[in-house]
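> Just a sequence and a predicted model for now, questions to come.
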Amino acid sequence: MSGSLAARGRTLYVAWPGCPARWRAFEVSGRALTPWMALEAGAAGRAGCAGLDVDADHRLWIADPEHALVRCVNLFGAQLAALRAWPSAPRDGLGTLSEPLGLACAGDGDPLRLWLAQGGVRRAAVQLLDESGRARARLRSLGDPREPFRGARRVRAAGRYVWVLEALARRVQVFRDGEFHFAFQVRERGAVAGLASVAVFDDGSGVACTAGDAARLLRIGRSGNVRGVLCEDVEAPSDVALLDGFDPHGARIALLDRDGLRVRAFEAAGRCVGAIDELVG
């Protein structure tokens, strides 16, 4: 089933693609705050929700690769906006909006800025959008304007840092103040591990969840090194998000796994502090 996860404060938001695509908000205790909300769909009845984030006004921004757009909905389920490619956008340049997969609000500033990650092999895969959908900037893969991102799947932002997870390259690129800082890979048993999702703290450290049969939730240091294992009991992971802010000393890590059917929250030391075991719509 899969799914996407976002957090704002102590509230979790879970979204699923399908017929219909839907989302719901929960307290970390597991209490549902909204009913299941369906997304508007096209003639085929499907809508995508490959990635999402929540802004300071509790609006949900949802990446829909099925229709090549970014949706904005409020907590009552009403669609407020649909961002699409510029009419004159190049195939791979500023203003392109194709296969949107990951989203991250760039802080809580006014006006809102939104990082968007797009799949495929493209130079302009990660762009900074305003609320109207106009692209304001793009990140340069490995610091080279000619180098493409390879399967950008997730983008996360906190403080001065932006992390971009590239599924095809099996790596995370780290940007500081909009400029390439370094890239890292997670190695397990001598091989480069695939990654399901990542999250970044405001000090530049973060967490990563590996993919595959032996998936694990890992604590990542500021230099990209694995500092420890937070959880080894991970099944078919989908996404991770941060509860209670971006401070590594106080934030909690939310993990969505079992193909989108379970959410757990962990302290930074790895202790599980809550779970929702049956996310059914």
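All right, it came through fine.

> For the rest of this, base every contact and every neighbour count on C-alpha atoms.
Noted.

> Please list all residues in contact with residue 219.
Contact analysis of residue 219 by Cα atoms under 8 Å, 6 or more residues apart in numbering lists 206, 207, 208, 226, 227, 228, 229, 230.

> which SS state does it fall under?
strand (DSSP: H, G, I helix; E, B strand; the rest coil).

> Residue 270 should be in a strand, yeah?
No: counting by three-state DSSP, residue 270 is not found in a strand; it is coil.

> in stretch 54-61, what's buried?
Neighbour-count burial for stretch 54-61, counted by 16 or more other Cα atoms under 10 Å, picks out 54, 55, 59, 60, 61.

> Mind checking which of those land in strands?
Among the buried residues of stretch 54-61, the members found in strands (DSSP state E) are 54, 60, 61.

> for residue 228, which residues make a bridge with it?
residue 219 (DSSP bridges).

> right, I mislabeled it, should have said residue 255
Beta bridges link residue 255 to residue 240, residue 264, judged by DSSP bridges.

> Contact partners for it?
237, 238, 239, 240, 241, 263, 264, 265.

> Please check those residues and keep the buried ones.
The buried subset of the contacts of residue 255 - by 16+ other Cα under 10 Å - is 237, 238, 239, 240, 241, 263, 264, 265.

> Tell me, how many residues neighbour residue 270?
18 (other Cα atoms under 10 Å).

> If you could redo that for residue 124, that was the one I meant.
26.

> before we move on, what about residue 271?
What residue 271 shows, counting by other Cα under 10 Å, is a neighbour count of 12.

> roughly how far apart are it and residue 173?
Residue 271 sits 28 Å away from residue 173, going by Cα to Cα, to the nearest Å.

> With residue 78 instead?
35 Å.

> The two: who's more crowded?
residue 173 (22 against 13).

> Make sure the more buried one is actually in contact with residue 185.
No: in this structure residue 173 lies outside contact range of residue 185 using Cα atoms under 8 Å: 9.0 Å.

> For the stretch 1-150 of the chain, just list every one of the strands.
For the stretch 1-150 of the chain, the strands defined by DSSP state E, counting those that start in this stretch cover 4-8, 11-16, 22-27, 37-38, 51-54, 60-64, 69-73, 79-83, 100-105, 113-118, 121-122, 126-130, 135-138, 149-150.
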